[in-house]
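# predicted model, plus sequence, below.
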Amino acid sequence: MQQQRRVALITGATGGIGAATAIAFAKTGQYDLALHYDNASPEKRDTLRSQIEALAPAPDPDTGAPISGQPRVEFYQADMSDFASVRKLHEDVTDTFHKVDVLFNNAGSTLGHQGVKSLADVPLEVFESAWRVNTGSAILLTQLCLPEMEAQGWGRVVFDSSVAALTGGSVGPHYASSKSGLHGFVHWLAGSVARKGITVNAVAPALITGTGMMGEADGEAAKRMAERIPVGRTGRPEEIADTVLWMVNTAYVTNKIITVDGGMYPC
């Protein structure tokens, strides 16, 4: 008897890490996908859908029956700076899928402020906006998804943080502080739900090319970045996706912040 697929909600799913994670989940044949986007074009969404469909497990060559079946893939638009929009996102997803088993809070933004050198260059309003987008929306979405996870005795919550939360980073204080706020929440929530079959973790990447934040670095820029990293290269979105999938598959890992940074930092 074919096992029913779980439902994975991925925010920021059309970005580099989000798209790679959606593809990684689709390859397993075990998940239907609720994919959030903010302003991705129809063409970008169609491309991701085609990649998912092409890489999902194929039908049995003898019977033609799906081995795991094509995953259901639905896209949902929401502005993560607007809590009413986040609530509507959850409502729309659960109207379609009835529940969320795996939540990957991946959406985030620098709000156009990068390479900040002075605290005076970041108005307090930017701090508030960064918290709303990077921290508050993820906490709210977790709060909305958690009751069904608790009711069924199984759930996975993963946050996409940053090594900036541990080191300060190079983007700016608004970004670092909003990401560090996630870490305290992970530690509190993980302890609260650990005996309910729910794990709560975060992945903290650094210098991942092919993302909106880093872009497709090449030439001298890529070389300079690689020289900072012990493994001698920058990371790839697929490596973050593999880490997220490992966290979801491993029931004995919870309350952890896992850095994926090529060995740059010892934590």
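Nice, thanks for sending it over. Numbers count the residues shown, from 1 in each chain.

# please count neighbours and contacts with C-alpha atoms only from this point.
Fine.

# which non-adjacent residue is nearest residue 256?
residue 201 (5.0 Å; CA to CA, 6 or more residues apart in numbering).

# what about the one you found, which SS state?
Secondary structure, DSSP: H, G, I helix; E, B strand; the rest coil: residue 201 is strand.

# tell me the pLDDT of it.
Residue 201 is assigned 98 on the pLDDT scale.

# my read: it touches residue 160, true?
No. Assessed by CA atoms under 8 Å, residue 201 is found out of contact with residue 160, at 9.0 Å.

# of those two, which one has the most company?
Remark: of residue 201 and residue 160, residue 201 carries more neighbours, 28 against 25, as counted by other CA atoms under 10 Å.

# now do the contacts for residue 160.
Residue 160 sits next to 104-107, 202-205 when contact means CA atoms under 8 Å, 6 or more residues apart in numbering.

# which of these fall in strands?
With strands taken from DSSP state E, the overlap with the contacts of residue 160 comprises 104-105, 202-205.

# out of those residues, who's nearest residue 152?
residue 104 (18.4 Å; CA to CA).

# how many residues are close by that closest one?
Residue 104 has 27 nearby residues by other CA under 10 Å.

# that one reaches residue 11, doesn't it?
Yes. Applying CA under 8 Å, one finds residue 104 in contact with residue 11, separated by 6.5 Å.

# read off the pLDDT value for residue 60.
57.

# checking residue 158 next. Helix, strand or coil?
Assigned by three-state DSSP, the conformation of residue 158 is strand.

# how much space between it and residue 171?
Separation of residue 158 from residue 171 (CA to CA, to the nearest Å): 22 Å.

# these two touch, right, residue 132 and residue 79?
No. Using CA under 8 Å, residue 132 is not in contact with residue 79, being 10.6 Å away.

# ok, those two, which is more surrounded?
Neighbours per residue, other CA under 10 Å: of residue 132 and residue 79, the larger number sits with residue 132, 20 against 17.

# can you point me to the longest helix in this protein?
helix 173-193 (DSSP state H).

# in it, which residues are buried?
Buried residues in helix 173-193, counted by 16 or more other CA atoms under 10 Å: 173-183, 186-187, 189-190, 193.

# just stretch 107-124 next, same as before
Neighbour counts over stretch 107-124 (16+ other CA under 10 Å) mark 107-110 as buried.

# mind listing the helices for the stretch 101-250 of the chain?
Taking DSSP state H, counting those that start in this stretch as the test, the helices found in the stretch 101-250 of the chain are 124-131, 137-152, 164-167, 173-193, 219-227, 237-249.

# these: lowest mean pLDDT?
Taking the mean pLDDT of those, helix 219-227 comes last: a mean of 73.

# gap between the longest helix of the chain and the chain center?
Helix 173-193 sits 14 Å away from the centroid of its parent chain (CA atoms, centre = their mean, to the nearest Å).

# helices or strands next to that helix in the packing?
Applying 3 or more CA pairs under 8 Å, 6 or more residues apart in numbering; DSSP states H and E, one finds that helix 173-193 contacts helix 124-131, helix 164-167, strand 198-205, strand 256-260.

# rerun that using 7 Å as the cut-off
helix 124-131, helix 164-167, strand 198-205 (3 or more CA pairs under 7 Å, 6 or more residues apart in numbering; DSSP states H and E).

# perfect, that will be all.
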